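[1] following is a predicted model, sequence given first.
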Amino acid sequence: MSIRIAAIQLNSQTNIDVNLDIITRAVAETASVADVIVLPENMCVIGRQGELAARFDEVCHRLSELAKSHGVHIVAGTLPCATRVDGKAVPQGKYRQTSLVFSPSGEQIARYDKIHLFRATVNDSTGSYDEGKTFEAGDQLVVTPLHIHGQIIQLGMMICFDVRFPTMAQRLRQMGADIITVPAAFTHKTGEAHWQLLLQARALDSQCMMIGSTQGGTHHIGDNTRQTWGHALITNAHGKVISNTEMSDIQGDYLAVFATFDKDEQTKIRQSMPIFDCHRLA
């Protein structure tokens, strides 16, 4: 049986509770047609990371209950976490940018801390971006099994800027990944230039389905605004775009794109071009 996947596109603002209500509605409305729901980076807030980090356990509990009540796997975009995986506090008042997976029983079954922190100069109203001022980089790759319809699907985890690094996608495939999730909040400028190309390239590098869930539109942060690209997008292992949103500005609270994953079909793709058997360079 095919696995049904939904990638959600949001336009999160600075009110955490309003964003959580939108997430709750998005999951409730897509759960009937999806086994796995992937939420975007910064899903609960744009800005105000400290306030959200202080509510980390509360938000995790809410997401756990949401997964359990609807009987779905939720890849919970990202949340700022004040502790490392081993429970130690992140030093210097920073956080980890963390993506979590909740099973249909409500259990948190995986945590991935963003390894590649975004640092770039972009020709937009913000200009300079440096996540390292707020976050500490993670250092562990994560692949976790999902048990769905009697099948085991291996899910590899990335976050946003990670998608620019082909060796990471290849390592996740070598660790057994079938699909790779990419919660993201690409700037409008970099997203327009690279977002689709990067997902397609990483699919070809890894021969995995790529699931890109995104922020899209205008975000109001105090007196400032930020533009994100949107275009939630799913590709198959051939790099073919299966589903994507048509616009970066949301008309309503959220958008969703859908795809089905067929492990047997993906195995045929890999067998027809066994690039990992042919690879010779370290």
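    Everything's here; your move. Since we're looking at a predicted model, the values are computed, not measured. Residues are numbered from 1 along each chain as shown.

[2] output the strand or helix carrying Q154 as CSV, nothing but the C-alphas.
    Counting by DSSP states H and E, the element that carries Q154 is strand 151-157. Below are the C-alpha coordinates for strand 151-157, written out as CSV (Å, rounded to 0.1, in the frame of the first residue of the first chain):
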residue,chain,number,x,y,z
GLN,A,151,5.6,-1.2,6.1
ILE,A,152,8.7,0.4,7.5
ILE,A,153,9.6,3.6,5.8
GLN,A,154,12.9,5.2,6.8
LEU,A,155,12.7,9.0,7.2
GLY,A,156,15.8,11.1,6.9
MET,A,157,15.7,14.6,8.4
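
[3] list the contacts of whichever helix or strand comes after that strand.
    With elements assigned by DSSP H and E, the helix or strand that comes after strand 151-157 is helix 166-174. Identification of contacts with helix 166-174 by CB atoms under 8 Å, 6 or more residues apart in numbering yields 115-116, 141, 143, 156-158, 162-163, 180, 201-202, 205-208, 276. (C-beta placed from N, C-alpha, C; glycine too.)

[4] among these, the buried ones, what's the PyMOL command?
    Of those, the buried ones can be selected in PyMOL as follows, counting by 16 or more other CB atoms under 10 Å:
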select buried, resi 115+116+141+143+156+157+158+162+163+180+201+202+205+206+207+208
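
[5] quick one: which of the contacts of helix 166-174 sit in helices?
    Members of the contacts of helix 166-174 lying in helices (criterion: DSSP state H): 201-202, 205-206, 276.

[6] any idea of the mean pLDDT for the strand holding Q154?
    Mean per-residue pLDDT for strand 151-157: 98.

[7] list the buried ones in it?
    151, 153-157.

[8] which one of these is nearest to V59?
    For those, the residue nearest V59 by CB to CB is M157; the value is 18.3 Å.

[9] pretty sure the closest one is touching I179, no?
    No. M157 is not in contact with I179 according to CB atoms under 8 Å; the separation is 10.0 Å.

[10] could you list everything the residue most central in space within the chain pairs with in the sheet?
    Centroid-nearest residue in the chain, with CA atoms, centre = their mean: P183, separated by 1.9 Å. Note on P183: beta-bridge partners by DSSP bridges are S213.

[11] residue contacts, it?
    Contacts of P183 by CB under 8 Å, 6+ apart are 38-41, 43, 75, 77-78, 99, 159-160, 213-214.

[12] which residues in the chain form helices?
    Counting by DSSP H, the helices of the chain are 16-30, 49-53, 56-70, 166-174, 188-190, 196-206, 263-272, 275-278.

[13] can you say which of these is packed in most?
    For these, the largest average neighbour count (mean count of other CB atoms under 10 Å) is found in helix 196-206, namely a mean of 21.

[14] between that helix and helix 263-272, how many degrees?
    On the basis of axes from the mean of the first three to the mean of the last three CA atoms, to 10 degrees, helix 196-206 is oriented at 70 degrees to helix 263-272.

[15] what helices and strands are in contact with helix 196-206?
    helix 166-174, strand 179-184, strand 209-214, strand 233-235, strand 241-244 (3 or more CB pairs under 8 Å, 6 or more residues apart in numbering; DSSP states H and E).
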